[in-house]
Each structure stands twice: as C-alpha cells, then as structure tokens.
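Visitor: model this:
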Amino acid sequence: MGREFISIFENWANSYDDTVVGHDLQYKEVFRNYDGILDDVVKRSGSKVVEFGVGTGNLTAKLIAAGKNVYGIEPSKSMRDIAVSKLPKGTLVSDGDFLDFPAPPFSPDTIVSSYAFHHLTNDEKREAVRRYGKMLAKHGKIVFADTVFKDRDSYISAIQDAKNRGYYQLAEDLETEHYPTISEMETIFTSEQFSIAFQKHNDFVWVMEAAKL
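Guide: This is a model prediction of the structure:
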C-alpha cells in the first residue's frame with residue numbers, strides 16, 4: 001500500500017521543500033516546474049477535494065488558496081506535522097494511505113495527488129482507482145501528477161542515464177518503486193470506467209486527468 005516507503009519520507013521531511021525547489025541536483029529535473037505542475041492539478045480540480053499523499057502540504061496550500069474544500073491524507077507523521085504547521089488552522093490532514101484511509105467528511109468531486117501514486121504496485125493502483133470510482137459521482141475526477149514513462153524502453157533509459165550521470169540515488173529510486181508507463185495507466189483507469197488524458201510537464205512528470213464515465 002506504499003507504506004513500505006514511509007521511512008524514506010520520515011527522513012526526507014525536513015529537507016523535502018529544499019528538494020522541490022532544485023537544491024538536490026539528482027532530483028532537479030524530476031521537480032522542474034514544480035509550482036506549475038501543482039497549479040495544473042489545482043486548475044483541473046473541483047471544489048470538494050480529497051488529497052492523497054499531502055507530504056509537506058504544498059499542493060494542499062494551493063488548493064485552499066484557490067477556495068477549495070480539502071481533506072488531506074498522509075501516512076508519514078513527520079510530513080503530516082510539517083504540513084499542519086504550514087496550513088491554515090483547522091485544515092484536516094489524517095493518517096492514511098491510498099488504500100487505507102478514514103472516510104472523508106464530505107462527498108468529493110475530485111481526488112488528487114502529487115508525486116506519490118508510484119508508491120503502489122500496478123495491482124494496488126487499480127484497486128485504489130476502483131475505490132475512488134465508488135466515492136465519485138459521474139463526471140467526478142481523479143487528477144494525479146506523478147512520474148510516468150512513455151514506455152518500458154524510456155523507463156530503462158532513464159535508469160541508465162541516471163547511472164551515467166552519477167545519480168545513483170535517483171537510479172535506485174527508479175529501480176525500487178513502481179513507476180508505470182502511459183499504457184499501463186491507461187489500462188488501469190479505462191478498466192475502471194474512467195476516461196484519461198495526459199499532460200507532460202518535464203522529463204519525468206505528467207499530470208493525469210481521469211473523468212468517471
């Protein structure tokens with residue numbers, strides 16, 4: 001369910017916001033246009049939003065600033081604590097993950113996430129999408145920003161490129177977690193009765209907008 005990676009985020013919490021602005025050279029391309037990526041997710045979202053993988057609250061803050069009602073879910077306590085300290089008083093951020101989470105206090109029209117869905121295996125991704133489909137009314141949306149690859153060759157090339165550059169931490173990340181291809185994501189969403197569109201933002205990250213049919 002992605003919780004096997006929590007220790008990474010417990011250790012990363014205090015420096016995460018430095019990473020997203022490009023201070024870690026290995027992840028500079030992954031987070032290029034970070035604000036624009038989050039803004040795109042906000043733009044595509046409705047008014048009642050459930051956010052998975054809140055992290056340090058950067059997307060949450062943008063959603064709230066746009067006037068949206070947001071319920072956040074984050075499994076890392078260290079990340080959660082930082083998010084709560086940054087967000088407006090009363091913002092709800094609960095302990096949970098993509099598959100095991102408290103029921104939201106409202107019926108959402110949008111489910112969002114940024115830089116997190118790859119923590120799940122493809123089978124877990126499909127189970128998550130199935131559950132979200134039950135939470136959403138017709139035309140409700142899932143809007144995820146995450147690392148996705150055009151195909152398996154592109155994925156393998158990204159790993160080799162990282163190693164060639166001496167970015168061994170990035171290479172290990174790519175080899176360890178569950179990064180999907182465009183076709184795999186299309187299959188997951190369409191099999192659960194969603195239409196899906198993709199917008200590329202940098203060499204790693206795409207924004208995926210899925211609408212319930």
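Visitor: rest of the way, CA atoms for contacts and neighbours
Guide: Fine.
Visitor: which other residues reach the lowest-mean-pLDDT helix or strand in the chain?
Guide: The helix or strand of the chain with the lowest confidence, counting by mean pLDDT, DSSP states H and E, is helix 6-12 at a mean of 73. Helix 6-12 is contacted by residues 75-79 when judged by C-alpha atoms under 8 Å, 6 or more residues apart in numbering.
Visitor: got JSON lines for those residues, with pLDDT and secondary structure too?
Guide: Below are the contacts of helix 6-12 laid out as JSON lines (pLDDT from 0 to 100; DSSP: H, G, I helix; E, B strand; the rest coil):
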{"residue": "75", "pLDDT": "94", "secondary structure": "coil"}
{"residue": "76", "pLDDT": "92", "secondary structure": "coil"}
{"residue": "77", "pLDDT": "93", "secondary structure": "helix"}
{"residue": "78", "pLDDT": "94", "secondary structure": "helix"}
{"residue": "79", "pLDDT": "92", "secondary structure": "helix"}
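Visitor: Please render the residues you listed as CSV that adds neighbour count and distance to residue 152 to the earlier fields.
Guide: Output for these, formatted as CSV (neighbours: other C-alpha atoms under 10 Å; distance: C-alpha to C-alpha, whole Å):
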residue, neighbour count, distance to residue 152
75, 25, 29
76, 24, 30
77, 16, 34
78, 19, 34
79, 23, 31
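Visitor: ok, so of these, who is nearest residue 18?
Guide: Residue 18 has its nearest neighbour among the contacts of helix 6-12 in residue 79, at 13.7 Å by C-alpha to C-alpha.
Visitor: returning to that earlier point: nearest to residue 16 among the contacts of helix 6-12?
Guide: residue 79 (8.9 Å).
Visitor: Which residue, other than its chain neighbours, is closest to residue 86?
Guide: Leaving aside its sequence neighbours, residue 86 sits nearest to residue 57 (C-alpha to C-alpha, 6 or more residues apart in numbering; 7.1 Å).
Visitor: quick one: pLDDT of that neighbour?
Guide: Per-residue pLDDT puts residue 57 at 96.
Visitor: how about it, what does it touch?
Guide: For residue 57, counting by C-alpha under 8 Å, 6+ apart, the contacting residues are 80, 82-84, 86-87.
Visitor: before we move on, back to that, and the two most separated of the contacts of helix 6-12?
Guide: 75 and 78 (9.0 Å).
Visitor: Backbone torsions only: list them for the residue nearest to the spatial centre of the chain.
Guide: Nearest to the geometric centre of the chain sits residue 114, at 2.6 Å (C-alpha atoms, centre = their mean). Main-chain dihedrals, residue 114, degrees, to the nearest 10: phi -140, psi 130.
Visitor: same thing with residue 194?
Guide: Per degrees, to the nearest 10, the backbone of residue 194 is at phi -120, psi 140.
Visitor: Distance check, the most far-flung residue of the chain relative to its centre against residue 157.
Guide: Here the chain reaches farthest from its C-alpha mean at residue 164, the gap being 27.2 Å by C-alpha atoms, centre = their mean. Relative to residue 157, residue 164 is positioned 10 Å away (C-alpha to C-alpha, to the nearest Å).
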